[in-house]
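Student: heads up, no residue letters with this:
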């Protein structure tokens, strides 16, 4: 109990002093902990107070404020928000302008429809690509890699997240630019297609950016599958592909869905990469301009509900497929 | 012994076509660790064959090599006369019952049992009949729609068995399948497993570390130690005539006497074993016939086991013997009172079994010795 180098006061054993001090402390801690043990509801409240407060005040409040704003309107002359309820913002989103009647042609050609489907298409493409790339890496790390290699691999996977997001996007702007290394490489193998500032470049950059977020949940899911299940499948006559389709995929489905939620929603919400790497508008860019340039906060809020609705549909479908049953 | 060896060779030659599984000089190294160190084994068709040994003795590795989950470092594995050493598990006509059952949690009981038939594209009608038959065999009719998570340990065990049996493999491999069950259920399942094996006439290879289980269920068994086979034989052979000190010690409790103690009791310093139940506990001045061995000592410890009582006796010549007596007329009180008393141990000389000293690996006259 003695502190190294400290001189003991003559006649007073330091053990006694120390034990008296900790005993007082201990009884208070013990009393609180005993009280919490007898009142499990208080314990739960103490545990959840901070995150619940955060969720309600910061998260749900701003979300509902956004939803409410979507039904207000902008006075074009005074640029003031008029707190009058109406669906005119959604009409604008559907047809491109407040005065255009709703026809098939006006909906298809609405700038907002085009932007929504462009964003959605890239998000789906990025998700599929990332899942395809992430599975082998995650499988190797979880199943085949030695216990010494595994942490190194996981470190390597998360390494890009240490550097600044902007720096990484700029790096891809250089890689995919008209005279960048990717274009030279393509010319070398005889492909004469310009990727600079195209949606291909945006897709590539998004795939790179969100890959770690796809690998980690899939890795965790694969690691949880007992090795004996794969052996049992093989023992019962299934070769690799059958085992993959009938045993591995169903068992890691929650991990695949988690990974796809990350890649899908991150792509849906990003507005920097399209600006820096591509040249076309995504939902995020449209909202940014509606807020910043047009100062049309109600229309921006209305457009912001689109990704929310898409995600809600996506999660519902995933739930129907039973993706969350094993969680 | 030379004669018996010739007999074994003769039996072997006759049964040449009826060998279900043969291991030839099989070695398995994991890095620097030698898991299996030169194993030769023949498992005959239709027999219940156990691989018995402590953990780390190489028995499970041998089973996994027969199944195809591990490839031997050296040596060959034959299934029904065909070399399968380099074949993948799904190319081999064997099925495994795993220690943790390895049931697919996302499938129902029926789908689990059906799995092997489905991946082999057996017609649907036949599949349904065979699944039903397999579930009936393990007495799980009506459980088909449940998930493994809704079953008890014993039921899961049976699903695992049905899932393997439904494929009608040449050989069924069982990796300590009863290890996770409680004693009563384990004893029931032992009988049931043996009955099923006799009914379907399949070759069972059964890995266990429980010597009682191996003795009660097997037609023959192999005792493993440190990656080698110490002895192969019927339960009675292995129990009554252990080839090595290790076998004597592992299969049942056994007393090994050697050196000075052996010389003073049996007249020769070479090591021998004596089974605890063959020894009689008597008064120090009891009479000893010439065909009997005897030693005096004192009872150190008495362990009351219900039907039996185990006495640990330290001998005056400087060794310790375990004695087991049935509690035919003794009560626990009477048995416990013997503690600390001087006694004379008497046993028939013919029950002494010469062995190699404990720790030696191979019996020189083991029937399957390399």
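Tutor: Now that the structure is in, tell me what you want to look at. Quick caveat, the model's predicted, so the values are computed rather than measured.
Student: Contacts only, for residue B:20.
Tutor: Residue B:20 is in contact with B:43, B:44, B:45, B:46, B:47, B:79, B:80, B:170, B:171, B:203, counting by CB atoms under 8 Å, 6 or more residues apart in numbering or on different chains. Placement of C-beta: from N, CA and C, glycine included.
Student: Buried subset of those residues, written for ChimeraX?
Tutor: Filtering the contacts of residue B:20 down to the buried ones (16 or more other CB atoms under 10 Å in any protein chain shown) takes a single ChimeraX command:
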select /B:43,44,45,46,47,79,80,171,203
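Student: Report the residue spans of the chain with pLDDT below the cut-off.
Tutor: All of this is about chain A. Residue ranges of chain A with pLDDT under 70: A:1-25, A:325-327.
Student: meant chain B, my bad for not saying
Tutor: Using pLDDT under 70, chain B drops low at B:1-17, B:332, B:357-370.
Student: farthest residue from the center of it?
Tutor: What lies farthest from the middle of chain B is residue B:285; by CA atoms, centre = their mean that is 40.7 Å.
Student: To which secondary structure element type does that one belong?
Tutor: Assigned by DSSP: H, G, I helix; E, B strand; the rest coil, the conformation of residue B:285 is coil.
Student: need the longest helix for chain B.
Tutor: helix B:183-200 (DSSP state H).
Student: any idea how far residue A:87 lies from residue B:306?
Tutor: 84 Å (CB to CB, to the nearest Å).
Student: Compare these two and say which is more crowded by neighbours.
Tutor: Legend: neighbour count by other CB atoms under 10 Å in any protein chain shown for residue A:87 and residue B:306, higher for residue A:87 (13 against 7).
Student: got the residues of the stretch 151-300 of chain A near chain B?
Tutor: Contact residues, the stretch 151-300 of chain A versus chain B (CB under 8 Å from any CB of the partner chain): A:226, A:228-229, A:231-239, A:242, A:246-247, A:250-251.
Student: buried subset of those residues?
Tutor: Among those, those classed as buried by 16+ other CB under 10 Å are A:228-229, A:231-238, A:242, A:246-247, A:251.
Student: I figured residue B:43 hits residue B:50, correct?
Tutor: No: judged on CB atoms under 8 Å, residue B:43 makes no contact with residue B:50 at a distance of 10.2 Å.
Student: any common contacting residues for the two?
Tutor: Residues touching both residue B:43 and residue B:50 (CB under 8 Å, 6+ apart): residue B:205.
Student: Let me have the buried ones among the residues of the stretch 151-300 of chain A next to chain B in TSV, extended by secondary structure.
Tutor: TSV is the format used below for these (three-state DSSP):
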residue	secondary structure
A:228	helix
A:229	helix
A:231	helix
A:232	helix
A:233	helix
A:234	helix
A:235	helix
A:236	coil
A:237	coil
A:238	coil
A:242	helix
A:246	helix
A:247	helix
A:251	helix
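Student: Could I get those in JSON lines, plus columns for distance to residue B:297?
Tutor: Conversion of those to JSON lines gives the following (distance: CB to CB, whole Å):
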{"residue": "A:228", "distance to residue B:297": "50"}
{"residue": "A:229", "distance to residue B:297": "55"}
{"residue": "A:231", "distance to residue B:297": "52"}
{"residue": "A:232", "distance to residue B:297": "53"}
{"residue": "A:233", "distance to residue B:297": "58"}
{"residue": "A:234", "distance to residue B:297": "57"}
{"residue": "A:235", "distance to residue B:297": "53"}
{"residue": "A:236", "distance to residue B:297": "57"}
{"residue": "A:237", "distance to residue B:297": "60"}
{"residue": "A:238", "distance to residue B:297": "62"}
{"residue": "A:242", "distance to residue B:297": "65"}
{"residue": "A:246", "distance to residue B:297": "65"}
{"residue": "A:247", "distance to residue B:297": "61"}
{"residue": "A:251", "distance to residue B:297": "61"}
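Student: Much appreciated, bye for now.
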